[in-house]
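Structure for this input, please:
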Amino acid sequence: MQDVADAAGVSLGTVSNVLNHPAKVSPATAERVREAISRLGFVRNDAARSLVSGSTKSVGMVLADIENSLFIDMAHGAQEAARAAGQHLLLANTACDMKLQDDYLDLFDESRVTGVLLAPMEDSTVGIARIRSHGRQVVLLNYAPRPGTCCSVLVNNEHVGYLAARHLIDTGRTRLAFVVAHDDYQPVRDRRRGVRAAVEEAGGGVTLEEIDSVGLTASHGHAVGRDLARRTSRDVPDGLIVVTDELANAIIHELHTVAGIRVPERVAVVGCENNRAAGAAAVPLTAVDMPGRMMGQEAIRLLMDEVSAGKRHRHATVVLEPELIVRASAPL
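From the prediction side, this is the model:
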């Protein structure tokens, strides 16, 4: 900055104002400073600035799985809200790897971001406590924190499972199966409770089988679909609730396209995310919509509220409600 000041024939403070408060500088002087910046190839050292201020104008966002469009929607919403708040959004993808998640939390902490949005699949209390102890605020998305840990934005995942199962029951399906894996993931456990609650509410005329898909990727869904196709006709459920849309689309492919077990005529299928591929599948998927974009927006709002409130802040939890989107795989 001193080199720029010397080249432009102005004070160091004038260069700082051009970079940070341009309205304070006359147009002619500002143009002279910008020309010197361009000629010298000056790039502001944001790391040095953060050492002085204690933070950058950036928010770190750590996502469990960037291939899942729910997390992409969260990022879009957070980016919109961050930009409106004068912040930049930095993204990191952990691929559900807790070691990688801790590495990214430490990286954002060392970078002195304004705060961190964290969307994990497992308990992250230790990592959250570590960076909060350094004065870095954290907001959790789609995972309920331990009481008093941090702010959070949740979807009512129990209601997600309930809506999916209730829809199948209301359309006359009586032999249901819930395809699920990773009960160690909090959202999965919550959806299971909702499915069971809907079946229990329906009474003895509705049965529920729970099928362990082992994992949550398309390959696991194809394996479940092939297993179902090998069953006798009377042993195939007439309604499937599937914990993720990726699993659901793969199961539909194996049943409907490969084995000729018609969806929804013989088997109706409901997913639990409404991801971007749901409406584009061979049989468009009925799914419970997770408001990811709104989650990201609310998370930024909570983060900026905490930053501005300082010691007066009290942690808050925002719970958003899901919505059933009806398509061809389980029509009304």
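
can we go C-alpha only for contacts and neighbour counts from here?
Will do.

in the stretch 1-150 of the chain, which spans are helices?
2-8, 12-20, 27-40, 46-53, 69-84, 98-110, 125-132 (DSSP state H, counting those that start in this stretch).

what sits against the nearest residue to residue 131 once chain neighbours are set aside?
With sequence-adjacent residues excluded and distances taken as Cα to Cα, 6 or more residues apart in numbering, residue 131 is closest to residue 109, at 6.3 Å. Residue 109 makes contact with 131, 134, 136, according to Cα atoms under 8 Å, 6 or more residues apart in numbering.

One more: residue 132?
Going by Cα under 8 Å, 6+ apart, residue 132 touches residue 138.

how close does it get to residue 4?
Counting by Cα to Cα, to the nearest Å, the gap from residue 132 to residue 4 is 38 Å.

try residue 97
Distance from residue 97 to residue 4, by Cα to Cα: 45 Å.

Do you know the pLDDT at the nearest residue to residue 83 once chain neighbours are set aside?
Leaving out its chain neighbours, the residue that sits closest to residue 83 by Cα to Cα, 6+ apart is residue 89, at 7.9 Å. pLDDT for residue 89: 97.

again, but for residue 23
At residue 23 the predicted local distance difference test score is 89.

same check, this time on residue 47
Model confidence at residue 47, given as pLDDT, is 56.

repeat for residue 121
89.

that older thread, of residue 97 and residue 4, which one has the most company?
Taking other Cα atoms under 10 Å, residue 97 and residue 4 do not tie; residue 4 has more neighbours (23 against 14).

Go ahead and confirm that one touches residue 37.
Yes. Counting by Cα atoms under 8 Å, residue 37 is a contact partner of residue 4 at 6.0 Å.

Apart from its neighbours in sequence, what residue is nearest residue 97?
Distances taken as Cα to Cα, 6+ apart place residue 64 nearest to residue 97, at 7.7 Å, with adjacent residues excluded.

measure that neighbour to residue 20 for me?
Here the distance between residue 64 and residue 20 works out to 35 Å (Cα to Cα).

Can you pick out the residue with more neighbours from these two?
Using other Cα under 10 Å as the criterion, residue 64 and residue 20 rank with residue 64 on top: 21 against 10.

can I assume the more buried one is in contact with residue 122?
No. With contact defined as Cα under 8 Å, residue 64 does not count as touching residue 122 (9.2 Å).

burial count for residue 231?
Using other Cα under 10 Å, residue 231 has 11 other residues around it.

per-domain residue ranges of the protein.
Per the record, the chain has its domains at 2-44, 55-156+292-321, 157-290, by automatic domain parsing.

Now do stretch 289-299, average pLDDT.
Mean per-residue pLDDT for stretch 289-299: 96.

circling back: for residue 332, which of the domains of the chain is the nearest?
Among the domains of the chain, the nearest to residue 332 by Cα to Cα is domain 157-290 (6.1 Å).

now do the same end-to-end measure for that closest one.
Terminal residues of domain 157-290 lie 9 Å apart, using Cα to Cα.

do the same with stretch 14-29
With Cα to Cα applied, stretch 14-29 spans 9 Å between its terminal residues.

can you check stretch 152-163 too?
The first and last residues of stretch 152-163 sit 23 Å apart, counting by Cα to Cα.

neighbouring contacts of that stretch?
For stretch 152-163, contacts defined as Cα under 8 Å, 6+ apart pick out 139-145, 187-188, 190-198, 241, 272, 288, 290-291, 295, 298-299, 316-324.

Can you tell me which of the residues you listed end up in strands?
139, 140, 141, 241, 288, 317, 318, 319, 320, 323, 324 (DSSP state E).

TSV please, covering the residues you listed and showing neighbour count.
Below are those laid out as TSV (neighbours: other Cα atoms under 10 Å):
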residue	neighbour count
139	27
140	25
141	28
241	30
288	26
317	18
318	15
319	16
320	18
323	17
324	19
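
residue nearest the centroid of the chain?
With distances taken as Cα atoms, centre = their mean, the residue of the chain nearest its centroid is residue 71 (3.1 Å).

which residues touch the closest residue in space to residue 214 that isn't next to it in sequence?
Distances taken as Cα to Cα, 6+ apart place residue 181 nearest to residue 214, at 5.2 Å, with adjacent residues excluded. Residue 181 is in contact with 188, 212, 213, 214, 215, 216, 243, counting by Cα under 8 Å, 6+ apart.

Of those, select the buried ones using a PyMOL command.
In PyMOL, a selection of the buried entries from these looks like this (16 or more other Cα atoms under 10 Å):
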select buried, resi 188+213+216+243
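
Please tabulate the contacts of residue 181 in a markdown table and include distance to residue 10 and secondary structure as additional columns.
Output for the contacts of residue 181, formatted as a markdown table (distance: Cα to Cα, whole Å; DSSP: H, G, I helix; E, B strand; the rest coil):
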| residue | distance to residue 10 | secondary structure |
| --- | --- | --- |
| 188 | 61 | helix |
| 212 | 70 | strand |
| 213 | 68 | coil |
| 214 | 66 | coil |
| 215 | 63 | coil |
| 216 | 61 | coil |
| 243 | 63 | coil |
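
related to what we said a few turns ago, would you turn the helices of the stretch 1-150 of the chain into CSV with distance to residue 220?
Output for these, formatted as CSV (distance: least, Cα to Cα, whole Å):
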stretch, distance to residue 220
helix 2-8, 59
helix 12-20, 52
helix 27-40, 54
helix 46-53, 44
helix 69-84, 18
helix 98-110, 22
helix 125-132, 30
